[in-house]
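Student: sequence first, then the predicted structure, then my questions.
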Amino acid sequence: MTDTEDFLRLWDELAPIGRSADSGGYRRYVLTDEDATLREWFAATAAARGLEVTQDRAGNQWAWWGDPDARPGLVIGSHLDSVPDGGAFDGPLGVVSAFLALDELRARGVRPARPVGVACFADEEGARFGVACGGSRLLTGALEPDRAMGLRDGDGVELGEALSHAGRAPVAADPEALRRVGAFVELHVEQGRGLQDLGLPVAVASEIIPHGRWRLDFRGEANHAGTTRLEDRHDAMLGYAGAVLEARRLAASHGVLATCGKVAVTPGGVNAVPAHVTAWLDARGDEVGAVRAMVAEMEAFVAEHEGEMAQESWTDATRFDDALTARVRDAVRASTGDEVPVLGTGAGHDAGILALAGVPAAMLFVRNPTGVSHSPAEHAEVDDCVAGVHALASVVEELSR
Ligand SMILES: [Zn+2]
């Protein structure tokens, strides 16, 4: 059985990669040096276990135990990238737990009757190029390769350029790699307080609420902050500021969530009137119609204020596979001896993208004592992480009989 030391041994290998000394948070963005180091770690960790490591045409990494071309496999895993100054657990907990679950099964002499894979999806957070779950969306065809190749980061670098700089081939959909996935179970730190409030370590997911991202652009004219009269200014910041407040007002009136968490100002000088503001809106809610209605009113507001608003991504309400989830839940219950709650989530995940592509998918959540996520304060206790590994191992044993 995996113990605390086993967990920390593997966990600590990842701890220094992409960690900011200033914030204590992680900056692990796609196609950077940190990303390359994480990919090497994944390949080496898989190779040390005798797993066959492959990379699909969308840039996702896979480690296989058994031949998934002979028979589609059961896949576990998650992602290793982060949001800006993200926590340690969002993503890596699922990848580390997947390797440890396989170790646990092997130590117990379990021989799965179907191939078992560990996946590491590329660019789940979309922190650099703006599209969340980029790797899984490309894999399934939900993101057009041409559109992906033209996405730009904050410095204007196109994804295609970044790929060739990293010595990587252009990205593409990969139906052959997708066909190898018979089912996917993603373990993830909970991004809320559901388990903490219930006093339980592990839950299964029911669904992901609909969510999307939009880019807002406001144009103005750069000029001197000290010599340009107020009435002569064309200040791009004013349209943006109004939009932030309007998004909050509309979200409250439609009963949805709206966040403006990223903004870029040109020229970006304290003493210069802003010539251009680009910002991003994240909107989510329980009801597709309510989110869409909020976004439609937001679009009207932005247009009235000489701005433009363009959708960058959209994911419908995603219901995880009920039959698979029931089996996962039974296996976890047998493993932990605890009740296993079923929780919905407001966060998007690669498991949701695969579910939308028709792959039976399910998720496990591990307790997060504060519920804080996408922040250096994100946390899970080691004992709960170990309970998650046991639960995942039981799930793999049950689903690969
Ligand atoms: Zn995640």
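Tutor: Perfect, thanks for sending it. Numbering: from 1, shown residues only.
Student: mind listing the helices for the stretch 51-200 of the chain?
Tutor: 92-107, 134-140, 145-150, 159-165, 175-179, 194-198 (DSSP state H, counting those that start in this stretch).
Student: and those helices, which is most packed in?
Tutor: Among those, ranked by average contacts under mean count of other C-beta atoms under 10 Å, first place goes to helix 134-140 (a mean of 28). Glycine gets a C-beta too; all of them are placed from N, C-alpha and C.
Student: how far does that helix sit from the chain's center?
Tutor: Averaging C-alpha positions (C-alpha atoms, centre = their mean, to the nearest Å) puts helix 134-140 12 Å from its chain's average.
Student: if we can go back for a sec, out of the helices of the stretch 51-200 of the chain, the one nearest the ion is which?
Tutor: helix 92-107 (7.4 Å; C-beta to the ion).
Student: give me the contacts around that closest one.
Tutor: Helix 92-107 has contacts (C-beta atoms under 8 Å, 6 or more residues apart in numbering) with 1-2, 6-7, 10-11, 14, 42, 45-46, 49, 51, 63, 65, 76-80, 112, 116, 118-120, 186-189, 366, 380, 385, 388-390, 392-393, 395-397.
Student: report the rounded mean pLDDT for it.
Tutor: The average pLDDT for helix 92-107 rounds to 98.
Student: kindly export it (C-alpha atoms) in PDB.
Tutor: In PDB, the C-alpha atoms belonging to helix 92-107 read as follows (Å, rounded to 0.1, in the frame of the first residue of the first chain):
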ATOM      1  CA  PRO A  92       0.000  17.400 -10.500                       C
ATOM      2  CA  LEU A  93      -2.000  15.500  -7.800                       C
ATOM      3  CA  GLY A  94      -3.800  13.600 -10.500                       C
ATOM      4  CA  VAL A  95      -0.600  12.700 -12.400                       C
ATOM      5  CA  VAL A  96       1.400  11.700  -9.300                       C
ATOM      6  CA  SER A  97      -1.500   9.700  -7.900                       C
ATOM      7  CA  ALA A  98      -1.900   7.900 -11.200                       C
ATOM      8  CA  PHE A  99       1.700   6.600 -11.100                       C
ATOM      9  CA  LEU A 100       1.400   5.700  -7.400                       C
ATOM     10  CA  ALA A 101      -1.800   3.800  -8.100                       C
ATOM     11  CA  LEU A 102      -0.100   1.700 -10.700                       C
ATOM     12  CA  ASP A 103       2.800   1.100  -8.200                       C
ATOM     13  CA  GLU A 104       0.300   0.000  -5.600                       C
ATOM     14  CA  LEU A 105      -1.400  -2.400  -8.000                       C
ATOM     15  CA  ARG A 106       1.900  -4.000  -9.100                       C
ATOM     16  CA  ALA A 107       3.000  -4.300  -5.500                       C
END
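Student: hang on, the earlier thing: give me the buried entries from the contacts of helix 92-107.
Tutor: 2, 6-7, 10-11, 14, 42, 45-46, 51, 63, 65, 76-80, 112, 116, 118-120, 186-189, 366, 380, 385, 388-390, 392-393, 395-397 (16 or more other C-beta atoms under 10 Å).
Student: any chance of the helices of the stretch 51-200 of the chain in CSV, with distance to Ala252 too?
Tutor: Listed next are the helices of the stretch 51-200 of the chain as CSV, based on distance: least, C-beta to C-beta, whole Å:
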stretch, distance to Ala252
helix 92-107, 33
helix 134-140, 30
helix 145-150, 33
helix 159-165, 36
helix 175-179, 40
helix 194-198, 23
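Student: for Asp235, which of those is the nearest?
Tutor: Closest approach to Asp235 among those is made by helix 145-150 (29.9 Å; C-beta to C-beta).
Student: what packs against the closest one?
Tutor: Other helices and strands packing on helix 145-150, by 3 or more C-beta pairs under 8 Å, 6 or more residues apart in numbering; DSSP states H and E, are helix 134-140, helix 159-165.
Student: what's the closest of the helices of the stretch 51-200 of the chain to Met294?
Tutor: Met294 sits nearest to helix 134-140 of all the helices of the stretch 51-200 of the chain, at 23.2 Å, using C-beta to C-beta.
Student: around the nearest residue to Leu159 once chain neighbours are set aside, how many other residues sit close by?
Tutor: Closest residue to Leu159 apart from its sequence neighbours, by C-beta to C-beta, 6 or more residues apart in numbering: Leu151 at 4.7 Å. Residues lying near Leu151 (other C-beta atoms under 10 Å) number 20.
Student: filter the contacts of helix 92-107 down to just the ones in strands.
Tutor: Judged by DSSP state E, strands contain the following of the contacts of helix 92-107: 63, 65, 76-79, 116, 118-120, 186-189, 366.
Student: give me the pLDDT for the residue in the stretch 251-400 of the chain positioned nearest to the ion.
Tutor: The stretch 251-400 of the chain approaches the ion most closely through His349 (6.0 Å), counting by C-beta to the ion. His349 is assigned 96 on the pLDDT scale.
Student: what about it, distance to His211?
Tutor: From His349 across to His211, the span is 11 Å (C-beta to C-beta, to the nearest Å).
Student: and for Val53?
Tutor: 32 Å.
Student: neighbour count for the two, which is higher?
Tutor: His211 (24 against 18).
Student: please tell me how far that one sits from Val118.
Tutor: Note on His211: its distance to Val118, by C-beta to C-beta, is 26 Å.
Student: one more: Glu378?
Tutor: Applying C-beta to C-beta, the value for Glu378 to Val118 is 22 Å.
Student: what's the answer for Gly269, then?
Tutor: For Gly269 relative to Val118 (C-beta to C-beta), the value is 47 Å.
Student: follow-up on the earlier one: closest to Ile353 out of the helices and strands packed on helix 145-150?
Tutor: Closest approach to Ile353 among the helices and strands packed on helix 145-150 (C-beta to C-beta): helix 134-140, 4.0 Å.
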